Structure formats: structure tokens, C-alpha cells
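Trainee: After the sequence you'll find the predicted model.
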Protein chains: 2
Amino acid sequence: MNSETHHSSVAAQAPDHGLIDRLASRLGVQGLLTDAGDKAPFEASARHGRGIARAVVRPASAEELAWVVQELVGADASFVVQGAATGLVGAATPSGSGTQWVLSTQRLRDRLEIDPVNRSAVVAAGYRLSDVNRAAAEHGLTFPIDLGADPSIGGMAATNTGGSRLIRYGGVRENVLAIAGVLANPPGARVGSTRGLRKNNTGLDWTQLMTGTFGAFGVVTHATLKLHPVQRQTAAALVAVDSAEVAMELLCSFEDALGEFVSAFEGMSGSALTAAVEHLPGVSAPFPVAPPYAVLLEVSSAVSKASGLDLESILMGWLETQIERPGMLDAVVDKPERLWRIRHAISESVQALGKLVAFDVSVSRSRFAAFRARSVELIAAEVASALVCDFGHLGDGGVHLNIVVAPETSADAIVRLRSKLYQVVVEEFDGSFSAEHGVGPYNQAFYRCFTDQPTRALAGALHAQLDPQGRLGNVRLD
Amino acid sequence: MNSETHHSSVAAQAPDHGLIDRLASRLGVQGLLTDAGDKAPFEASARHGRGIARAVVRPASAEELAWVVQELVGADASFVVQGAATGLVGAATPSGSGTQWVLSTQRLRDRLEIDPVNRSAVVAAGYRLSDVNRAAAEHGLTFPIDLGADPSIGGMAATNTGGSRLIRYGGVRENVLAIAGVLANPPGARVGSTRGLRKNNTGLDWTQLMTGTFGAFGVVTHATLKLHPVQRQTAAALVAVDSAEVAMELLCSFEDALGEFVSAFEGMSGSALTAAVEHLPGVSAPFPVAPPYAVLLEVSSAVSKASGLDLESILMGWLETQIERPGMLDAVVDKPERLWRIRHAISESVQALGKLVAFDVSVSRSRFAAFRARSVELIAAEVASALVCDFGHLGDGGVHLNIVVAPETSADAIVRLRSKLYQVVVEEFDGSFSAEHGVGPYNQAFYRCFTDQPTRALAGALHAQLDPQGRLGNVRLD
């Protein structure tokens, strides 16, 4: 299919009254992509297939973006907002209809301003996490949300990303001081601010309505982020235990003794650990025998060793007090980057084992061990071939239940398993069916199923106010 | 006026179709107060005069509260929700009309459950901050919002209180995991949850809509709070500097060197310091000459000295590197409680000096020094007699500009000063006219003046959904 044919076939479905020409004329060749080859990268999603974009619009400033939204809404067009397209639930991918536009924030990079006295940064939606951290590092500062991907700041704000260091810093919600955005109604209205206020109690917090609602109520153009001092020393250990129960006891002891130094507490099943070690070239197994469960724990400090604080010896001192704990099998203190390399390899190594079925759920920490036992049992009963390689952020109760199933497992069996497991996490354990990844077309049906009526009515009132015609995104929260 | 007369005169204004009898019959004598003497404590506000309550309803459980709301809305009654009545903007005080009910959460104490593994607490609205901290301390935990008053947990959630340790822990918003509440529409509907999830990305965050909106959208019945480890060592110093500019330089250096140990950085003008010291019995001036500006800085740690960490010597070591800083006049390291006693005495000591005019504002930290200079100049130009005794939380840009004016200063002059100062903070300095105290009848007019149209339209949509008849509270955000 060449792009001309594609263009005209879609145009026939959705006449745009000269919209393409107006956009091209104001935004230039970089600002509007209609060629199939140019559009292709914007039509892919990380886990759930491809869509078809009517066209890709890439404004380079908030003014341009507001104008684009006005034009799109005026032409009765619907659109998805896309940052770095690292999301896992398909929320930034256009549908397969060919009528939906992609509004990319990739070129929205008009501001990246570090305020070292305020310890904050005003960042345009199109910058990536790594861009912010590079700029902040020049001032001894960091934006400490730690993720496997390198998402755009707009996407991080819209999806309230979490990551491995939430136990210390919280997620995006706790680290965003302000959001500026553009509404679909009134079309192109600019709202919010870039103010770097830490205290402001003057009513409805617009920032909170834009954070974690996946762009359903408006397009994030800028976020003002809290920055934290960079860490000057880090120490880490990998600890083998005989059960998740013991891992949680260890967590409480760790926090009690090491308080504000605690920066990560990541759990992994023996099978996840084994998969990662076997997948990594040149890495030998940390323990002579693969344990039932292992924990990567980390402490870090912004205070340098020169001040007299030696974090590694404090960590070692505490580990010595724990070594007699019943159920504690072994402990290895190593360079943090070596231990993190194993932790970060889990996701990819599990995928390499075969057909992957992934869950991203969370429960209260006090119910984690019971939930884990219950879900392992459920998975075995539903799909006999399943190898459970779970791992996650035990410090905040978030768990990635990644499982590998035999290639011949039917789609029906997977759908049934997913439904049952979500029911267990939400209804039996008062947990969340989506801890970090958010809601997108991929899991919208579960959102409907598990969200109470008053919350959906409230979301409906917001949709009615902010996007009455449903032009914005492909997630509905009502 | 005896209570019988009062009761019948009000009843004549607002017939309640047997409501009083129904409430009395279900809630009992503790649950419904109609006698003038019993009602009196619920009709007072901390700073802005008294109101008149139609009656005071005190349900003792969330079930009772939901039923009460249903009855009140059904009888066309309007009501204010009141916790410990420690707020400073009159939001919990009934109007003077005599038709408004007080819905007190004082007896709503059905749950105070500490979950030590999850580091969280489910707390009914009527418990106070001190109750939570007493219960949490048994598990080595604390809810670290540090305030002058001892508010109820429901009030803290509804008003998103801040305090002196926000620099380290954030405010209520960053420390509330869930809120459960009751709506006025559908009348008495129970919404939200008490789930202790740290990661949950499933759409609209009900908790965020109830936090910091002063009860305008619903009544908070329970909050699930994050707890933190108690601090096992603390060290503090009082530093005299020659200007607010130097104070902010010192803040950056302090955070850079002492990172996660930083737990407070409180500023005070020389006049505030002098007033506090003279007010306190048995306290001698910390400096031989009152400095232009002073800073109370504090570090603390959950890690005990036994681990090898000695916070006082780390603080002393850093202070030695600062002593040659231009503009640094003097520094005193003392027992933290002694220094905090001075800081906490400021508010009361300034009131004792004469007629008080108080501002609670915030700006970005990078603009604090310029804002302070501008506001001192403005105050002097408007009210020649004014003695500015400003103090505040420099670590988060929050400032209490408390000033003492001559008794003969006209009300008009004060109104003019307030308007001009708020205009300066909001319009010239991109700040907030209410950093901590929130919006109530007392400053509702300023809310109207400084809130943009899209935000008010959004609040209007929420009011239309959640309280279409305006029965709830005496704050309108639309």
C-alpha cells in the first residue's frame, strides 16, 4: 500500500474540510506526517499490536498544540495523544479504524528549565525522563522516578508512573507541583500553570485531575516537577529467603533500622531470578542453589562519605543482625549496578522463555504474601503449563506476575485466567488490577467491571464538561 | 436567650417536618444537640467570630453519618461539616442565619487501625492527629504532618494541611492513600475506600477530589494514611543571617550537604524572634544582638546512634563549613525542643503585641527573598504603624506574614492592604494567597477573584454532580 492510496482511502471515510492543508501550512513538513512510512512508528504499541493513524500531528509549542486541538475538534476529528509510546496498555495507539489522529508531543520541547533554588523543573511534555535527569544532574539534582523505560514527561504525568524507588520518593503524583494543559472543551483552552508552589490550598487541584487519568480530560503540555538531591552513595544486597512471608518481615526490619536510607526493596521468585541470570551473558548465579524467593534491597544517601557517613558498613551491620532470622537463607552484598542488572533483566528474560502473559497488580503490603500464594495456586489450576516468574516492588505492594505458558495455550484460557486473577486481586484482596500501567483500550473492560458507579458518574460529569463529544484519546472513564 | 426560645424561633424559619425528632430518636442525646449551651462550642471559629447552628448532629459511625446526610438533604437542610474546629478561615462555622446545621465528626471514632506491615493507618474522621501519633508510636511509626494545632483527621484531609516538616514528608496530599466519604448526591451515598494501596492507576482518583476541597464535594468519614518511621535522633541550630537572600543560599547548601536528613528549615524576621523571646518566660535571647533574619534548621533520622550515625556531629561539621559565608552572622546549636519552643511561640507572642493582621501565602522558593522585600515595602506604604513579624516554612516557600497594627487602624485600610498584598503575591510573584489555611467564607471573595474560569467551570460541573442544591458546607468553588 503506498501512502497516496492510503491517504485518499481514509480521506474518503472522513472528509476533513481542508484540515490537512491548514495543518500542513502552519506546522510545516516536520509538523504533519501523512506518508505511511512516516506514520508507521506512531502506529505501533509496545504489547498490543498496531493501529492506523489518519495522520500524525507534531506541534512544537504549547501555542501550536492548542491551535491543533482547536482545529481537530472543529473538524470533528478524534485523536490520541502520544508521548514516547512506551506505555503497555495501548492508550497512545490509534484505533484500527484509520479515522483517529495521533497528536504527538515528540517535538513539544519548548521549555526545560531547572530552578535549583526551588528544586524544581518546568518541563515540556516531549522531553524524556533521561533529558530531565541529565539537565538536573548539572545542579546536583534528580527526578527520582525509576523506570525500565525512558518515557516522555507528558506521558509520565498523564499515567502517574511508579517504578522501583516509590518506596522512598513516591510516584509522579507526589512529585508534580503543577501541570499546564490544553482542553478539548472549550477547544484548545489552555489551563493549569507551571508554578512551582509546594504549598497552595486554593481549591480544586487541576494538577490532580490531569495526573493519572491518561489524557482523558486534557492534553498535558508542561509539568513542573519536584527535584531531589542526587545520591552520593549507594549500597545494595541480594538476600535469599524461603518464602514471601519472610521477605515482608525482612522489609519491616529493614525500614525500621535504616529509615530514610531505604531506596528500594524488590522481590523476585526463584524462577524469575534463574531466568534473569541464565539470560545475562557473563553473569554467574549469586547463590549456589536457586532460592524460593529473593530480595534486592538498596540504601542510598545524598550525604557524602566525607561527612563521616558510611552507608555500606551500616548496611552490613544490619545484615549481620538479620542472618539468624528463621527463613533467611543467604545474603550477598555487591556493587548495586551488578545486582540491578539482574533485576532489570527479568522482564526480557521471561519473555525469551516463551509465550508471556503479564499481570501488573498491587495489594496492601500486609496482604502480599497471602495474595502471592493464592495467585500461584489459581494460575496452576487454570493453566497447568504456566511457569510463574513473579517480581515486583514489595516496598509498595506492586507485583508483576509475569508467567510463561505453553505456545498451544488457547486465547480463551488466557482470557479466563486474566478475569479470575483480577477478580481475586480486587475482590478478595482489596487490591488494584493495574498498579502502574494504567488504563487503556487493552484493559478498559476491566476498568468498567471494577469501578463503582459513583466514581464513573463523577468521571462522566468531567467528560461532559471537558470532552462532551469524546474526541480525546481512546480511554473513557465513565 | 434560653434554648427553648432559640429552638422555636429558628424552627419557625425552617420547618423540618419532624427531622429533629427522627434524628433524636436514632442518634440519642449524645448525637443531637439543640440546647443553646450545648451548641455554643460548635458555633465558634478560631479567628472570625461566631455563627448560629440550627442544631448540632454528631453521628458515631459512617453508617449513621450517611443516614444523617440523607435526612438533612431530604429535609432541604444545609449543613457545615466540623472536625476539631481548628481551621482559620471559618469553613467549619455555621453562618449567622441560624438555618445551617453543624454535622460534627467529633464522635466518628469507629476505626483507628494501625497496619504496621503496610505502614498505614485507617482512621475515622473524628480522631485527632495526636491520637494517631500515640497509636502509631507503639509500632515505631508516625504520621509526620507537624502543625501548631491538633486537628481532626477528617479536617486534615479535607483541608490538605501542611506544616513545618513538609520539606521532608510533603503535606496530607502526599500522605493519604485513600479516603472514604459520604456524598450529598446521591444523598448519603458512600464512596471511596479505606484500601492501603501505594500503587493504583485505575483512573479518576477519588481521594484527590476529596483532599483539599474543604468538604465542598463530600464528607470525609475515613482516611487511610501513610505512616513513617519515628525519628530516633534530631539535631537543630538557630542561625542569624543579615537577609532573607542569605537564608535561601543557606537552605540550598543545607539540602545539598545533608540531603535526606533535612527535616525543617523555618525562617523568622528579627522582630518575630524578639517578640517570641520576650513573650516566653525564662528564655534568654539566643543572640547578643537581634539579627535582621534568623533560621531554625533541623536534621533528623530514624537510624539510631548505635548504628554509627551521629547526626549532631554531622550538623556541626556542616555548620563549620558555612561560618565564613558572607552574611552569616552567628549560629547556635541547642536542644531541638528549646529552639522549637521559640519558633512555636511566635504566633501567640505577635498577637499579644496588639491588633493582628495575618497573611498565609506562598511563593516559589527562588522568589521568596524578592517577595519578602516587596511585601514589607507595600505594608509600610499602606499602614505606617505596621510592625512586620513574618515567619514561615522557607523550605516550601510558605510564609506567615503576621503584622501588628495600631489599634486605630481602620477596617478599610486593612481590607485595602489585604487586597493589594494578595494581588502582589498572586499576580506579580505567581504565588498563592492561601498556602496552608485553605478557602472558607472568610476568603471566598479572593478565591473568586484569583481563580481562572476553566477551573471554576470544572468545579461547577463537580458541584452540579455532587451537590446540585448546594446543601454541603459554606464554600463554593464554582
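Mentor: Noted; the coordinates are in hand.
Trainee: Quick one: residues in contact with the longest helix anywhere in chain A.
Mentor: If you go by DSSP state H, chain A has its longest helix at helix A:336-353. Identification of contacts with helix A:336-353 by CB atoms under 8 Å, 6 or more residues apart in numbering or on different chains yields A:148, A:164, A:234-238, A:266, A:268, A:272-273, A:275-280, A:283, A:286, A:296, A:298, A:332, A:356, A:387, A:389, A:391, A:400, A:402, A:404. Where you see a C-beta, it was placed from the backbone N, CA and C, and this is true even at glycine.
Trainee: please redo it, this time with the cut-off set to 6 Å
Mentor: A:234, A:236, A:238, A:266, A:272, A:275-276, A:279-280, A:296, A:389, A:391, A:402, A:404 (CB atoms under 6 Å, 6 or more residues apart in numbering or on different chains).
Trainee: do the same with stretch A:61-68
Mentor: With CB under 6 Å, 6+ apart as the test, stretch A:61-68 has contacts from A:57, A:59, A:110, A:182, A:188, A:190, A:221.
Trainee: centre of the chain versus that stretch, how much separation?
Mentor: 26 Å (CA atoms, centre = their mean, to the nearest Å).
Trainee: Check which residues of that stretch are buried.
Mentor: By neighbour count on 16 or more other CB atoms under 10 Å in any protein chain shown, the buried set for stretch A:61-68 is A:62, A:64, A:65, A:66, A:67, A:68.
Trainee: next one: stretch A:450-466
Mentor: Neighbour-count burial for stretch A:450-466, with 16+ other CB under 10 Å as criterion, is recorded at A:450-451, A:454-459, A:461-463, A:465-466.
Trainee: Kindly report the same for stretch A:37-55.
Mentor: Buried, per 16+ other CB under 10 Å, within stretch A:37-55: A:39, A:42, A:43, A:45, A:48, A:51, A:52, A:53, A:54, A:55.
Trainee: Need the max-distance pair from those residues.
Mentor: Largest separation among these by CB to CB: A:48 and A:55, giving 21.6 Å.
Trainee: Just the element for residue A:435, please.
Mentor: Secondary structure from DSSP states H and E places residue A:435 outside every helix and strand.
Trainee: Excluding chain neighbours, what is closest to it?
Mentor: residue A:362 (3.5 Å; CB to CB, 6 or more residues apart in numbering or on different chains).
Trainee: coming back round to it: pLDDT and distance to chain B added to the contacts of helix A:336-353, as TSV?
Mentor: Listed next are those as TSV, based on pLDDT from 0 to 100; distance: CB to the nearest CB, whole Å:
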residue	pLDDT	distance to chain B
A:234	98	13
A:236	98	17
A:238	98	21
A:266	98	13
A:272	97	19
A:275	96	24
A:276	97	22
A:279	95	26
A:280	95	27
A:296	98	18
A:389	97	20
A:391	97	14
A:402	96	16
A:404	97	24
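Trainee: Contact partners for residue A:126?
Mentor: A:105, A:106, A:108, A:109, A:152.
Trainee: Highest neighbour count among those?
Mentor: Compared across these, residue A:152 has the highest neighbour count, 29 neighbours, by other CB atoms under 10 Å in any protein chain shown.
Trainee: what's the burial count for the nearest residue to it once chain neighbours are set aside?
Mentor: Once flanking residues are discounted, residue A:152 sits nearest to residue A:83: 3.1 Å by CB to CB, 6+ apart. Counted with other CB under 10 Å, the neighbours of residue A:83 add up to 26.
Trainee: So which bits of the stretch 51-200 of chain A are right by chain B?
Mentor: Contact residues (CB under 6 Å from any CB of the partner chain) of the stretch 51-200 of chain A with chain B: A:115, A:117-118, A:140, A:160, A:162, A:174, A:189, A:191, A:195-200.
Trainee: Between which two of these is the distance greatest?
Mentor: Greatest spatial distance among these (CB to CB): A:140 and A:189, at 37.9 Å.
Trainee: ok so residue A:133 is a strand residue?
Mentor: No - assigned with DSSP: H, G, I helix; E, B strand; the rest coil, residue A:133 falls outside any strand and is helix.
Trainee: who's residue A:400 bridged to?
Mentor: Judged by DSSP bridges, the bridge partners of residue A:400 are residue A:360, residue A:391.
Trainee: pLDDT at it, what is it?
Mentor: Looking at residue A:400, its pLDDT reads 96.
Trainee: The one 5 residues further on now?
Mentor: What the model reports as pLDDT for residue A:405 is 97.
Trainee: I figured the residue nearest to residue A:435 hits residue B:201, correct?
Mentor: No - judged on CB atoms under 6 Å, residue A:362 makes no contact with residue B:201 at a distance of 9.0 Å.
Trainee: any weak-confidence spans in chain A?
Mentor: By pLDDT under 70, the weakly predicted segments of chain A are A:1-15.
Trainee: Secondary structure and distance to residue A:130 for the buried residues of stretch A:61-68 - can I get that in JSON lines?
Mentor: Formatted as JSON lines, the buried residues of stretch A:61-68 follow (DSSP: H, G, I helix; E, B strand; the rest coil; distance: CB to CB, whole Å):
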{"residue": "A:62", "secondary structure": "helix", "distance to residue A:130": "22"}
{"residue": "A:64", "secondary structure": "helix", "distance to residue A:130": "24"}
{"residue": "A:65", "secondary structure": "helix", "distance to residue A:130": "22"}
{"residue": "A:66", "secondary structure": "helix", "distance to residue A:130": "27"}
{"residue": "A:67", "secondary structure": "helix", "distance to residue A:130": "29"}
{"residue": "A:68", "secondary structure": "helix", "distance to residue A:130": "26"}
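Trainee: which among those gets closest to chain B?
Mentor: Using CB to the nearest CB, residue A:66 comes nearest to chain B of the buried residues of stretch A:61-68, at 12.4 Å.
Trainee: Give me the nearest residue to that closest one, chain neighbours excluded.
Mentor: Excluding its sequence neighbours, the residue lying closest to residue A:66 (CB to CB, 6+ apart) is residue A:188, at 4.2 Å.
Trainee: give the contact list for that neighbour.
Mentor: Residues near residue A:188 by CB under 6 Å, 6+ apart: A:66, A:69, A:70.
Trainee: Check which residues of the host helix or strand of residue A:256 are buried.
Mentor: Counting by DSSP H and E, the element that carries residue A:256 is helix A:244-258. Neighbour counts over helix A:244-258 (16+ other CB under 10 Å) mark A:244-252, A:254-258 as buried.
Trainee: which among those are in contact with chain B?
Mentor: Okay, of those touching chain B (CB under 6 Å from any CB), that's A:252, A:256.
Trainee: quick check, nearest of the buried residues of helix A:244-258 to residue A:375?
Mentor: Closest to residue A:375 out of the buried residues of helix A:244-258 is residue A:244 (10.9 Å), distances taken as CB to CB.
Trainee: For the residue of the stretch 151-300 of chain A found nearest chain B, give me its contacts.
Mentor: In the stretch 151-300 of chain A, no residue comes nearer to chain B than residue A:259, which is 2.6 Å away by CB to the nearest CB. Residue A:259 is in contact with B:229, B:302, B:303, counting by CB under 6 Å, 6+ apart.
Trainee: Could you list which of those also contact chain A?
Mentor: Among the contacts of residue A:259, proximity to chain A is found for B:229, B:302, B:303 (CB under 6 Å from any CB).
Trainee: SS state for residue A:114?
Mentor: Once three-state DSSP is applied, residue A:114 turns out strand.
Trainee: pretty sure it contacts residue A:137?
Mentor: No - counting by CB under 6 Å, residue A:137 is not a contact partner of residue A:114; they are 9.6 Å apart.
Trainee: So between these two, which is more surrounded?
Mentor: Comparing residue A:114 with residue A:137 by other CB under 10 Å, the one with more neighbours is residue A:114, at 19 against 12.
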